[in-house]
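K.L.:
sequence unknown, structure follows:
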């Protein structure tokens, strides 16, 4: 039932696959013996990518007024960027 | 922000998805977590050794599964919105309950993780890392529960068929809240568990 | 006030003739004596404020009759009591109208009023006539010691009286709500009022451990002004905005819910900003800083809320003064509680500023901007109706608006001068390698204290004009009604 429903909604399905893949990538990177700075850069960049997909597709802010879309993207960008810098 | 408060549908391309008041709430929540994350970054940068020592004790398996559960919940509630838009009521309601069930999975695993830490004698006063770990994850944990309550409530309301094409504001509002909880977790997962 | 009081008790017809033309429910008239008492006590508060302001620069002014510590106690206690009178009046007016039925017992409301007024007056007389220690002895504080804590100085017997008054008030309103229409405005109002009463109970517990004592003390003080009082404020503001703008209740309710959610999320854990370096665990520095940094948001939302509703108004309400007060509340609450609170809420900043004039600056503008102004907003909207007209005459409103600007601008000035004094104090007394002693640093800020006192005089003139505006007659302009 649920699987059928998901097949009916290709965007949701593709975004889910993309997010799952990125999550597994992040978990893999954690054990990949990177230097702390590189690992933080990789992990938070992956988080940023995941956030972009969630904001655009799931929160559906693609279709929202610019102020709202920019505010949420601004939050994500600011938090990710400042955190990355805090590791460098 | 003028006319959209009373918005009942968001078929129009430049409208806020769901209720504007909820979006203000979501933005405020994002700000709370944002401040929390930045405080973590500031504290870690000033004491990286303590944070690294604490993070080494965190297992990655459970939080990875938890991330997958929340993401699947997001996919499911997003699919529910689209199902309501197509007036597939039964499918849509099942997808909402699926989200609640995935959230429940998160809660159970998270409780196990907390129990482990408590058993290991870790408290808020152990050190700065554990203070942030417990505060951040517990605060987020409460939001997952609230998200489950909101999505569950919408699933119950949906029984009378009130969410139809053009009448999606309520379910979009609940979905937006869930996605916010997911979005925050994605950053939290990377910051607390992975970036060590 | 006694005429309207007797009118309710003995001759309901008298009230009917005067007020019922504008009141939806006759029993709403019980709000009137509460509001009059509130304004009277407000006047007293400002008089004592002026006395203390002068004592800052002329230390022995009125000594030994009214020492600084007594004047301060009277100033802050009158503030709390007049705001409580205002909240109660607002409750008695708002709840019947929202519940669409008469008050459960108007008679009980009037009895409660007199009990509260007499108990409050006796307490103030006690503060002024005998030394505080004697008052404690006279009222047998040793049986259940609760005295001696800032804002909660009331003798134990007065505290018991406050609880009884609150119970009678809550019983009366809850019965009204339970058997009437339930709206979000009335539910939020009741949540706030019940919270107010419940948190006050912590004032009866006075642990000997000073750190524990601070926890419980702030459970009253902080959870009042940065918790449940904000709910009361939100409900009162929402009620007046619905009335004067005619905007859909649904829209107002959404705003109200979000404001409350933000208040509770930030305010409850935000209590931590009082727990820095007083013997509490270190995590409070993080929790207090992070959550209280968010506390300006609900106040900012109230500003947005007030302006948004007024911009989308569906009618031109003849009571322009009430609209002005409502907008002013939004702005001043945000500046006073939000901005001035944030200035010194972060732990590293508070390390230097704790308990300085910066705190006084914040306290003044926050109490005025949030709570004094929201009560005046309510009074401004309801008083004309309680006196049998939709709005006051143009002349009266003009004078009221002049008083708004005088009081508000004077409060801005007081806040700025106290902030300057606080800066002087922090930089001289708490920073540098050779910090000055307290009194020496105070002397360096004397100019600012004089300017503050002058601003206080302007505030007093504004308040006098406000009171005079109630007696200005003239033609009521109801063309737009």
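P.N.:
In hand now; what should we look at? The structure presented is a predicted model; accordingly, all values stated were derived computationally and were not measured. Residues are numbered from 1 along each chain as shown, chains lettered A, B, ... in the order given.

K.L.:
how confident is the prediction for the residue most central in space within chain C, by pLDDT?
P.N.:
Among the residues of chain C, residue C:371 comes closest to the average C-alpha position under Cα atoms, centre = their mean, at 3.4 Å. Each residue has a pLDDT score; the one for residue C:371 is 98.

K.L.:
residues in contact with it?
P.N.:
By Cβ atoms under 8 Å, 6 or more residues apart in numbering or on different chains, the contact set of residue C:371 is C:83, C:86, C:225, C:229, C:233. C-beta: built from backbone N, CA, C; applies to glycine.

K.L.:
what about 7 Å?
P.N.:
Shown in contact with residue C:371 (Cβ atoms under 7 Å, 6 or more residues apart in numbering or on different chains): C:83, C:229, C:233.

K.L.:
so where do the helices sit in chain B?
P.N.:
B:20-46, B:48-56, B:61-85, B:89-119, B:128-157, B:169-188 (DSSP state H).

K.L.:
which stretch among those approaches residue C:60 most closely?
P.N.:
helix B:20-46 (47.4 Å; Cβ to Cβ).

K.L.:
stretch B:52-69 close to chain C?
P.N.:
No. Stretch B:52-69 does not reach chain C (Cβ under 7 Å from any Cβ of the partner chain); its nearest approach is 14.3 Å.

K.L.:
start to end distance for that stretch?
P.N.:
26 Å (Cα to Cα, to the nearest Å).

K.L.:
got a list of contacts for it?
P.N.:
In contact with stretch B:52-69 (Cβ under 7 Å, 6+ apart) are residues A:20, A:23, A:27, A:30, B:102, B:105-106, B:109-110, B:113, B:127, B:129-130, B:133, B:185, B:189, B:193, B:196.

K.L.:
check stretch B:132-147 too.
P.N.:
Here stretch B:132-147 has contacts from B:36, B:40, B:43, B:54, B:103, B:106-107, B:110, B:124, B:177-178, B:181, B:184-185, B:188, B:192, C:287, using Cβ under 7 Å, 6+ apart.

K.L.:
same thing with stretch C:409-421?
P.N.:
Residues outside stretch C:409-421 that contact it (Cβ under 7 Å, 6+ apart): C:336, C:340, C:357-358, C:360-361, C:364-365, C:368, C:445, C:448-449, C:451-452, C:455-456, C:458-459, C:462.

K.L.:
just give the nearest non-adjacent residue to residue C:320, would you?
P.N.:
With Cβ to Cβ, 6 or more residues apart in numbering or on different chains as the criterion, residue C:320 has its nearest non-adjacent residue at 5.7 Å, and that residue is residue C:397.

K.L.:
try residue C:166
P.N.:
Residue C:166 sits nearest to residue C:197 (Cβ to Cβ, 6+ apart), 4.2 Å away.

K.L.:
for the helix or strand harbouring that neighbour, name the packing helices and strands.
P.N.:
Applying DSSP states H and E as the criterion places residue C:197 in helix C:184-200. Contacts defined by 3 or more Cβ pairs under 7 Å, 6 or more residues apart in numbering or on different chains; DSSP states H and E place helix C:184-200 against helix C:68-99, helix C:156-178, helix C:210-223, helix C:229-245, helix C:249-270.

K.L.:
just name the most buried of those helices.
P.N.:
Between the helices and strands packed on helix C:184-200, helix C:229-245 has the highest mean count of neighbours, a mean of 26, where neighbours are mean count of other Cβ atoms under 10 Å in any protein chain shown.
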